[in-house]
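A.B. asks: Pasting a predicted model and its sequence here:
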Amino acid sequence: RAMSSLTIPPPACMLRPLEVPLRYLFGPGPSNVPPRILAAGARPIIGHLHPEMYEVMNDIKKGIQYAFQTQNNMTMAMSGSGHAAMECAVFNVVEPGESVLVAVNGIWGERVAEIAERMGASVHTIVKAPGGVFTNEDIEKALAKHKPVLFFLTHGESSAGLVHPVDGIGDLCRKHNTLFLVDTVASLGAAPIFMDQQNVDILYTGSQKALNAPPGTAPISFNERACRKMFNRKTKPVSYLFDMSHLSNYWGNDGKSARQYHHTGPVSGFFALRESLAILAEMGLEESWRHHKEVAEYFWAGLEDMGLQLFIPDKDLRLPSVTTITIPEGYNWRELLQYMMQHHQIEMTGGLGPSVDKVIRVGLMGYNCQKRNADLALAALADALRKCKKSKA
Ligand code: PMP
């Protein structure tokens, strides 16, 4: 007699085909993936430790060095989303008890503060309302007071729609013996960043925003200063998966001739990421920045013509990839978003963290960054404002 028999039948849903709707992804990410990148991700799988895969990874490394404008050897892509890069950066350069300073002006600073707190760092914050800008004086004062080993700033604050100035901050961090960590998940390819010239010690981004690859991989780079700190620690990082002493070998960055098995990288995700970095290299960074700015300005003018108010008043501080619109007086933002999804197949989103109930966010990035898409978004918004009742609120 069999020890046991099936008690759980095959679920009915599994006997139906996968259904995925076609949608305009005009939220803050993921954005629509162009056919060329989808096709790259659909190529046959090879082993994660095959020489051809190492070639793909070497290409990715070169593509990231270009996108970040860095010569850093310690450059790679995380197997994981943007959060994997956030945790990798913090876990590897900070030891428990060490001081970390985080600039909080939206959700991403809040998240990094929590990540650092969870691993036992002594976390200090400088805080502004969502979309607030820190002066270099604000930052230097806090560096002098808290003597952090790491300072975190978000370049493209996607919850607020802000692109934060970076110039001069890297020099202040050097003066105070602090590593400068910058998040460009929402801004890379859409707004200028120069890792080496701006003295950024650790930089990361995500695959699913202006790079237009599927979610699930995250480029990251550490310079020599960051490597000195992370490879001279007394304790092991809390994460095995994100330990750079292993990842540097997996990416062929540690000078050893043999790469050892550490984990199985997302092979299809790396194919797609390689293609997205190739598209950026073909277009050129400067053209990509110019194009995002041009389409964003066209979209902002259209919004203002409709009587809508932009959440970031200063044009030069607006993130070209993700626009934040102040919720128009008397409307329920959830109703507006639902209407546009239902009638226009367009995704836009509300705020996130401290910007909830304050903004509607519209992303036009990479492949989606086209004036005709700006027109679709404007028409959907105009229709929603006409059809949704001024409320209750
Ligand atoms: N940082 C910023 C600025 C982001 O916009 C996002 C994604 N919205 C993240 C980090 C986190 O990335 P992920 O969702 O890929 O983990």
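C.D. replies: The structure has been received and is ready for your questions.
A.B. asks: At the contact with the ligand, which residues of this protein appear?
C.D. replies: 28-29, 81-83, 108, 154, 156, 158, 183, 185-186, 206, 215 (C-beta under 6 Å from any ligand atom). Any C-beta I mention is one placed from the backbone N, CA and C, and that applies to glycine too.
A.B. asks: Paired strands for the helix or strand hosting residue 126, with orientation please.
C.D. replies: Residue 126 is located in strand 122-127, with elements delineated by DSSP states H and E. Next to strand 122-127 in the sheet, as set by DSSP bridges, lie strand 99-104 (parallel).
A.B. asks: Show the contacting residues for whichever residue of the chain sits closest to the ligand.
C.D. replies: Per C-beta to the nearest ligand atom, residue 82 is where the chain lies closest to the ligand, at 2.3 Å. If you count contacts by C-beta atoms under 8 Å, 6 or more residues apart in numbering, residue 82 has them with 183, 185, 204, 205, 206, 218.
A.B. asks: Can you select the buried ones from the residues you listed in PyMOL?
C.D. replies: If you want just the buried ones from these in PyMOL, going by 16 or more other C-beta atoms under 10 Å, the selection is:
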select buried, resi 183+185+204+205+206+218
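A.B. asks: Turn the contacts of residue 82 into a markdown table, including pLDDT and secondary structure.
C.D. replies: As requested, those are arranged in a markdown table below (pLDDT from 0 to 100; DSSP: H, G, I helix; E, B strand; the rest coil):
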| residue | pLDDT | secondary structure |
| --- | --- | --- |
| 183 | 98 | strand |
| 185 | 98 | coil |
| 204 | 98 | strand |
| 205 | 98 | coil |
| 206 | 98 | coil |
| 218 | 98 | strand |
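A.B. asks: still on that earlier bit, max pairwise distance over the residues of the chain next to the ligand: which two?
C.D. replies: 154 and 215 (18.6 Å; C-beta to C-beta).
A.B. asks: between the two, who's got more neighbours?
C.D. replies: residue 154 (28 against 16; other C-beta atoms under 10 Å).
A.B. asks: circling back to that earlier point, and of the contacts of residue 82, the nearest to residue 52?
C.D. replies: residue 218 (22.5 Å).
A.B. asks: and that closest one, what are its bridge partners?
C.D. replies: In beta-bridge terms (that is, DSSP bridges), residue 218 pairs with residue 78.
A.B. asks: so who does it touch?
C.D. replies: Neighbours of residue 218 in contact, by C-beta under 8 Å, 6+ apart: 77, 78, 80, 81, 82, 84, 85, 185, 204, 205, 206, 207.
A.B. asks: same thing but at 7 Å, please
C.D. replies: 77, 78, 80, 81, 82, 84, 85, 204, 205, 206, 207 (C-beta atoms under 7 Å, 6 or more residues apart in numbering).
A.B. asks: Among those, which one lies nearest to residue 142?
C.D. replies: residue 204 (22.0 Å).
A.B. asks: Surely the closest one is in contact with residue 83?
C.D. replies: No. Between residue 204 and residue 83 there is no contact under C-beta atoms under 7 Å: 10.1 Å.
A.B. asks: tell me the mean pLDDT over stretch 320-340?
C.D. replies: Per-region confidence: stretch 320-340 scores 97 on mean pLDDT.
A.B. asks: pretty sure residue 297 belongs to a strand, no?
C.D. replies: No. Using DSSP: H, G, I helix; E, B strand; the rest coil, the secondary structure at residue 297 is helix, not a strand.
A.B. asks: and the most centrally placed residue in the chain, how far is that from residue 78?
C.D. replies: Residue closest to the average C-alpha location in the chain (C-alpha atoms, centre = their mean): residue 185, at 1.9 Å. As judged by C-beta to C-beta, to the nearest Å, residue 185 and residue 78 stand 12 Å apart.
A.B. asks: Okay then, goodbye and thanks.
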